[in-house]
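Peer 1: After the sequence you'll find the predicted model.
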Amino acid sequence: MRVFVLDKNLQPLDPTHPARARELLNKGRAKVFKRYPFTIVLQDRTVEESVTHPHRIKIDPGSKVTGFAIVQEETGRVTNAIVVSHRGQQIKDSLLARRSLRRGRRNRKTRYRQPRFLNRTRKTGWLPPS
């Protein structure tokens, strides 16, 4: 996993190794721009002074998670990989939990009610009204 780097004009540069980013932060040559994804801003560098390489984002969609990878074009090296979990299963589980709680509430209220199917027999000799 690499650290994203921006120049002093907030233009993107090549990602760097975490140890180098830590070194730049300790020396005061960089500041933290974002904590997630971790991004630093160089205080003394611009895009014109640096060599940047093209990168490509690759997406692997799935049913439960989606994977994102940022790959350097020339070398094929993965600089960053991110996994995003979908909320579909989480929503389904919360709906099932809500349903079971509701059913439990409804069943608790029937303790003193007459039995439903034992009081529906007709007396012998009964005739339907005409």
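Peer 2: Now that the structure is in, tell me what you want to look at. Quantities reported herein were computed from a predicted structural model and do not represent experimental measurements. Residues are numbered from 1 along each chain as shown.
Peer 1: Tell me the spacing between residue 2 and residue 25.
Peer 2: Between residue 2 and residue 25 the distance is 15 Å, computed by Cβ to Cβ, to the nearest Å. No exception for glycine: its C-beta is placed from N, CA and C like everyone else's.
Peer 1: More neighbours: those two, which one.
Peer 2: Using other Cβ atoms under 10 Å, the more surrounded residue of residue 2 and residue 25 is residue 2, with 19 against 14.
Peer 1: So in this structure, which helix runs the longest?
Peer 2: helix 88-108 (DSSP state H).
Peer 1: Ends of stretch 30-44, what's the gap?
Peer 2: End-to-end span of stretch 30-44 (Cα to Cα, to the nearest Å): 8 Å.
Peer 1: Distance from the chain centre to it, please.
Peer 2: Centroid separation between stretch 30-44 and its chain, computed with Cα atoms, centre = their mean, to the nearest Å, is 23 Å.
Peer 1: buried sites along that stretch?
Peer 2: For stretch 30-44, the neighbour count (16 or more other Cβ atoms under 10 Å) marks 30, 39-42 as buried.
Peer 1: which ones among those are found in helices?
Peer 2: Using DSSP H, none of the buried residues of stretch 30-44 sit in helices.
Peer 1: I'd like those residues laid out as a markdown table, including distance to residue 72.
Peer 2: Below are the buried residues of stretch 30-44 laid out as a markdown table (distance: Cβ to Cβ, whole Å):
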| residue | distance to residue 72 |
| --- | --- |
| 30 | 21 |
| 39 | 17 |
| 40 | 19 |
| 41 | 21 |
| 42 | 19 |
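Peer 1: Strands - which of those land there?
Peer 2: 30, 39-42 (DSSP state E).
Peer 1: Let me see the contact set for residue 24.
Peer 2: Neighbouring residues of residue 24 by Cβ atoms under 8 Å, 6 or more residues apart in numbering: 16, 30, 40, 42.
Peer 1: Out of these, which is nearest to residue 88?
Peer 2: Closest approach to residue 88 among these (Cβ to Cβ): residue 40, at 34.9 Å.
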